[in-house]
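1. how would this look folded up:
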Amino acid sequence: MGKDMSMALDVRNLSVFYGEDCALENINLQVGEREFLGIIGPNGGGKTTLLKAILGLVTPQAGQVIIFGQAGAAARRNIGYVPQFSRFDRRFPISVGEVVLMGRLAGRSPWCVRYTAADYAVVDSVLQRLEIADLKQRQIGQLSGGQLQRVLIARALAVEPRILILDEPTASVDSASKTRIYEVLKDLNRDMTILIVTHDLSAVSSNIDKIACLNQQLYYHGRTELEPGLVEKVYGCPVDLIAHGVPHRVLRGHEEGTL
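-> Residues are numbered from 1 along each chain as shown. Got it, this is the predicted structure:
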């Protein structure tokens, strides 16, 4: 059975400025339900800003974001978000289960919250699905990078989202963990729409449905087979590799002083 491709996300004429600096210019992007979209582009090209606009964390100067036919905070409750891996105090006394349970706070006041039996049931179900139930009582400082990333995905899934958005989810994990994370995402994609920002095109090309090439403007949105000239246009120089840690490898013809 093919995927049901009704509209999950519709970004219309979106422009975002930081002061006088244009971060995004007139972006139009449509993502079908249960589609797996990879968003690529150079550092500073507006990828994270696009995610923030979808999440309502930045206010656009023009345009709007429609999620399953609706706009505003109520519509954004359909989204689970996994931010870029960040440093934290590994001594902080919080367990895996407690981190994932925080995902149940979506739409609630964090003060004096009382979790329900249904909340705990969702957490247990998510931990089982991501195969980390055995880590539930583990303090987060004892986790590997790959384990921690799956915990952050689990926290996003505890929202019970229809759209899962991830910003560089494999940036700080080893090769084996990266493979496992993409296996998890491919499985999740059977039930939800996934948007992933990444430099690591080679790792996701076998899983994603479409690519969006972004550098302030949207240069391309379509199938994953990219013309070399298009990639050069997006990145501003000849490239033949997009991989984490090396946003692009430059070929002859690029200006002196670059890699």
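2. any chance you could read off phi and psi for the nearest residue to residue 6 once chain neighbours are set aside?
-> Using CB to CB, 6 or more residues apart in numbering and skipping residues adjacent in sequence, the residue nearest residue 6 is residue 33, 4.7 Å away. For every residue, glycine as well, the C-beta is placed using N, CA and C. For residue 33, the backbone dihedrals (degrees, to the nearest 10) come out as phi -60, psi 130.
3. Repeat that for the one 4 residues further on.
-> As for residue 37, its main-chain torsions (degrees, to the nearest 10) stand at phi -110, psi 130.
4. Local confidence estimate at it?
-> pLDDT recorded at residue 37 is 94.
5. I'd say it and residue 211 touch.
-> Yes: in this structure residue 37 lies within contact range of residue 211 using CB atoms under 8 Å: 7.5 Å.
6. was I right about the residue nearest to residue 6 contacting residue 8?
-> Yes: using CB under 8 Å, residue 33 is in contact with residue 8, at 4.4 Å.
7. Mind listing the shared neighbours of the two?
-> 68, 162, 193 (CB atoms under 8 Å, 6 or more residues apart in numbering).
8. quick one, helices of the stretch 151-259 of the chain?
-> 175-188, 201-204, 228-235 (DSSP state H, counting those that start in this stretch).
9. just for this protein, where's the confidence low?
-> For the chain, the stretches with pLDDT under 70 are 1-5, 86-88, 107-112, 201-205, 228, 237-259.
10. need the contact list for the residue positioned nearest the centre of it.
-> Centrality entry for the chain: nearest residue to the mean C-alpha point is residue 166, 1.6 Å, by CA atoms, centre = their mean. By CB under 8 Å, 6+ apart, the residues touching residue 166 are 81, 82, 153, 156, 185, 194, 195, 196, 197.
11. 7 Å instead?
-> Going by CB atoms under 7 Å, 6 or more residues apart in numbering, residue 166 touches 82, 196.
12. again with residue 28
-> Neighbours of residue 28 in contact, by CB under 7 Å, 6+ apart: 11, 12, 13, 218.
13. for it, helix, strand, or coil?
-> The three-state label for residue 28, taken from DSSP: H, G, I helix; E, B strand; the rest coil, comes out as strand.
14. Quick check: it vs residue 35, distance?
-> Residue 28 sits 16 Å away from residue 35, taking CB to CB, to the nearest Å as the criterion.
15. The residue nearest to residue 6 contacts residue 67, doesn't it?
-> No: counting by CB atoms under 7 Å, residue 33 sits too far from residue 67 to count as a contact (11.0 Å).
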